[in-house]
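**Student:** Below are the sequence and a predicted model; questions follow.
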Amino acid sequence: MPELKRLEAGHAPAVLDFELANRAWFAASVSDRGDDYFDRFTDRYDALLAEQEAGVCAFYVLLAEEDGSVLGRFNLVDLVDGTAQLGYRVAQHATGRGVATEAVRRLCALAATRHGLHTLRAAASHGNAASARVLAKAGFVPAGPADPAHLGGKQGTWYRRDLTLPGSPSIPANRRLWNRISGAYQHEHDPQIGAAPRLWGMYSLPDAQLHALGDVTGKRVLELGCGAGQWSRALAAEGARVVGLDLSEAQLAAAARAMGTARYPLVQGAAEQLPFAAGSFDVVFCDFGGLSWAPPHLAVPQAARVLVRGGRLVFNVASPWFEACYDEAAARVTRTLRQDYFGLDTVAEDDGASSYQLTYGGWVKVLRGAGLVIDDLIEPRPGPTAPNGYNETDPPDWAHRWPAELLWVTHKL
Ligand SMILES: C[S@@+](CC[C@H](N)C(=O)[O-])C[C@H]1O[C@@H](n2cnc3c(N)ncnc32)[C@H](O)[C@@H]1O
């Protein structure tokens with residue numbers, strides 16, 4: 001399948017080839033770019049990248065799998081107040097195969113998840129029936145006449161599509177599960193996970209030892225799936241401007257009760273549908289929170305969207321080793337591979353709830369796909385006698401010998 005990639009400096013030669021090879025074809029349906037465009041292509045291209053950098057536009061190229069040539073250009077322009085205008089052009093040789101429809105659908109999903117948009121508009125001239133068909137198949141509906149000024153002097157129609165963030169079917173079941181177990185969970189685990197500030201994971205290893213989160217004083221920090229706020233409360237006390245988000249009202253009530261003198265806001269929401277504007281946080285993090293309990297292909301782009309450029313996403317999940325060696329019947333982690341590594345994906349929890357697991361390659365793909373740079377993959381290693389507060393393991397020093405957790409440290413490009 002061709003890849004829809006964010007426009008980069010390195011795509012310039014392929015974009016120029018695409019524009020030159022299809023110039024006459026494009027001129028038949030939209031106004032020609034003119035010789036000046038080609039004479040000053042480098043300047044124009046740099047200006048586009050600068051606009052993209054400023055956040056007012058987002059440009060994408062559809063690249064052929066075989067040779068990386070450009071099959072089409074798909075652009076979101078004038079990103080304002082959650083809306084943008086969609087424009088696209090596809091190479092003549094790639095038309096008639098559903099390429100444009102598929103790419104427009106994918107761009108609509110990215111517009112919602114990566115760019116936080118709720119409405120897209122697109123104009124097509126009356127003579128461009130193919131474009132009207134693509135828009136209709138991608139869910140756009142006619143929204144009124146388009147000014148010829150928008151269509152190179154031609155009459156046409158505006159189309160509109162309202163975007164909704166994809167939810168995941170596990171949201172209601174996960175919320176019910178955590179509401180039901182919150183009391184018992186806090187009774188059993190709070191003495192360990194709340195014993196000291198900044199403890200990571202099943203073995204409560206201090207951040208001072210793992211060097212994952214670092215100093216967050218004065219930073220805007222979002223904890224995804226904060227539970228009773230053992231982490232958030234500690235960071236608020238250090239002077240971070242923390243927001244704790246969780247799906248479960250029972251968990252949020254526990255966080256409210258446990259809040260210290262450094263107050264911080266609690267928000268009910270799902271990691272896959274974050275109710276925050278783009279660029280709202282300097283740090284997003286969780287410890288077996290929203291990135292274990294929401295589908296990563298939805299939750300990671302959301303986390304990336306709400307981060308500022310350069311902001312950090314740091315999170316801890318179970319390792320595929322740990323999951324693959326889990327013996328359901330014995331309810332413990334063993335030395336034997338029990339589940340397929342490639343089949344982990346959705347892990348059935350009690351009451352129809354789900355948690356999620358990716359392969360190492362799956363995590364790299366999802367993180368990079370959301371525009372995040374991987375700075376480190378920490379594999380926390382507890383001592384041989386460190387207790388696991390959550391799962392029995394056989395042998396007891398399992399996590400001293402094999403990696404039980406993955407602690408990802410990333411930042412947004
Ligand atoms: C294992 S706890 C992690 C919280 C804390 N770090 C701890 O160790 O207790 C998982 C938390 O994720 C929350 N959660 C489950 N699904 C979620 C979702 N889709 N979005 C945000 N939070 C979710 C649960 O309500 C729960 O509080």
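**Tutor:** Good, I have the coordinates. These figures come from a predicted structure and were not determined experimentally.
**Student:** count of neighbours near the nearest residue to residue 95 once chain neighbours are set aside?
**Tutor:** Distances taken as C-beta to C-beta, 6 or more residues apart in numbering place residue 130 nearest to residue 95, at 7.1 Å, with adjacent residues excluded. In short, each C-beta sits where N, CA and C put it, glycine included. Neighbourhood size, residue 130 [other C-beta atoms under 10 Å]: 14.
**Student:** Wait, a helix at residue 130?
**Tutor:** Yes: under DSSP: H, G, I helix; E, B strand; the rest coil, residue 130 falls within a helix.
**Student:** helix, strand or coil for residue 292?
**Tutor:** helix.
**Student:** That one is in contact with residue 355, isn't it?
**Tutor:** Yes: Residue 292 lies in contact with residue 355 (C-beta atoms under 8 Å); the separation is 5.2 Å.
**Student:** Got the confidence number for residue 33?
**Tutor:** pLDDT, residue 33: 85.
**Student:** no, scratch that, I was asking about residue 200
**Tutor:** 98.
**Student:** Buried residues in stretch 300-312, which are they?
**Tutor:** Neighbour-count burial for stretch 300-312, counted by 16 or more other C-beta atoms under 10 Å, picks out 300-307, 311-312.
**Student:** Apologies, that question was intended for stretch 244-264.
**Tutor:** 244-248, 250-255, 258-259, 264.
**Student:** That one close to the ligand?
**Tutor:** Yes: in terms of C-beta under 6 Å from any ligand atom, part of stretch 244-264 sits within range of the ligand, namely 246-248, 251.
**Student:** Pull the most distant pair out of those.
**Tutor:** 247 and 251 (7.7 Å; C-beta to C-beta).
**Student:** Common neighbours of the two, please.
**Tutor:** Common contact partners of residue 247 and residue 251 (C-beta atoms under 8 Å, 6 or more residues apart in numbering): residue 178.
**Student:** Can you tell me the centre-most residue of the protein?
**Tutor:** residue 301 (1.1 Å; C-alpha atoms, centre = their mean).
**Student:** contacting residues around that one?
**Tutor:** So residue 301 contacts 110, 113-114, 369-370 (C-beta under 8 Å, 6+ apart).
**Student:** that older thread, which ones among the residues of stretch 244-264 next to the ligand are found in helices?
**Tutor:** The helices, defined by DSSP state H, take in residue 251 from these.
**Student:** which of the residues of stretch 244-264 next to the ligand lies closest to residue 161?
**Tutor:** residue 247 (27.9 Å).
**Student:** which residue ranges form the strands in the stretch 101-250 of the chain?
**Tutor:** 119-125, 141-146, 156-162, 199-200, 205-206, 220-224, 241-246 (DSSP state E, counting those that start in this stretch).
**Student:** Turn those into JSON lines, columns for distance to residue 341.
**Tutor:** Output for these, formatted as JSON lines (distance: least, C-beta to C-beta, whole Å):
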{"stretch": "strand 119-125", "distance to residue 341": "39"}
{"stretch": "strand 141-146", "distance to residue 341": "44"}
{"stretch": "strand 156-162", "distance to residue 341": "38"}
{"stretch": "strand 199-200", "distance to residue 341": "24"}
{"stretch": "strand 205-206", "distance to residue 341": "25"}
{"stretch": "strand 220-224", "distance to residue 341": "25"}
{"stretch": "strand 241-246", "distance to residue 341": "30"}
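**Student:** can you tell which of those is closest to residue 269?
**Tutor:** strand 241-246 (5.1 Å).
**Student:** how near is the residue of the stretch 251-400 of the chain found nearest the ligand to residue 241?
**Tutor:** Here the residue of the stretch 251-400 of the chain nearest the ligand is residue 293; by C-beta to the nearest ligand atom that distance is 3.2 Å. Distance, residue 293 to residue 241, by C-beta to C-beta, to the nearest Å: 24 Å.
**Student:** Kindly report the domain assignment for this structure.
**Tutor:** 3-162, 170-412 (automatic domain parsing).
**Student:** just those: most buried one?
**Tutor:** Highest mean neighbour count of the domains of the chain: domain 170-412, a mean of 19 (counted as mean count of other C-beta atoms under 10 Å).
**Student:** quick one: the helices in the stretch 51-200 of the chain?
**Tutor:** Taking DSSP state H, counting those that start in this stretch as the criterion, the stretch 51-200 of the chain contains helices spanning 99-113, 129-137, 170-193.
**Student:** out of those helices, which comes closest to the ligand?
**Tutor:** helix 170-193 (3.4 Å).
**Student:** counting contacts, what elements does the closest one pack onto?
**Tutor:** The helices and strands touching helix 170-193, judged by 3 or more C-beta pairs under 8 Å, 6 or more residues apart in numbering; DSSP states H and E, are helix 249-258, strand 354-356.
**Student:** could you check the angle strand 241-246 makes with that helix?
**Tutor:** Using axes from the mean of the first three to the mean of the last three C-alpha atoms, to 10 degrees, the inter-axis angle of helix 170-193 relative to strand 241-246 is 120 degrees.
**Student:** is helix 170-193 anywhere near the ligand?
**Tutor:** Yes: judged by C-beta under 6 Å from any ligand atom, helix 170-193 and the ligand are in contact via 171, 174, 178, 193.
**Student:** Adding pLDDT as columns, could you present the buried residues of stretch 244-264 in JSON lines?
**Tutor:** Formatted as JSON lines, these follow (pLDDT from 0 to 100):
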{"residue": "244", "pLDDT": "98"}
{"residue": "245", "pLDDT": "98"}
{"residue": "246", "pLDDT": "98"}
{"residue": "247", "pLDDT": "97"}
{"residue": "248", "pLDDT": "97"}
{"residue": "250", "pLDDT": "97"}
{"residue": "251", "pLDDT": "98"}
{"residue": "252", "pLDDT": "97"}
{"residue": "253", "pLDDT": "97"}
{"residue": "254", "pLDDT": "98"}
{"residue": "255", "pLDDT": "98"}
{"residue": "258", "pLDDT": "97"}
{"residue": "259", "pLDDT": "96"}
{"residue": "264", "pLDDT": "98"}
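**Student:** Among those residues, which one lies nearest to residue 218?
**Tutor:** Once C-beta to C-beta is applied, the member of the buried residues of stretch 244-264 that ends up nearest residue 218 is residue 264, at 13.6 Å.
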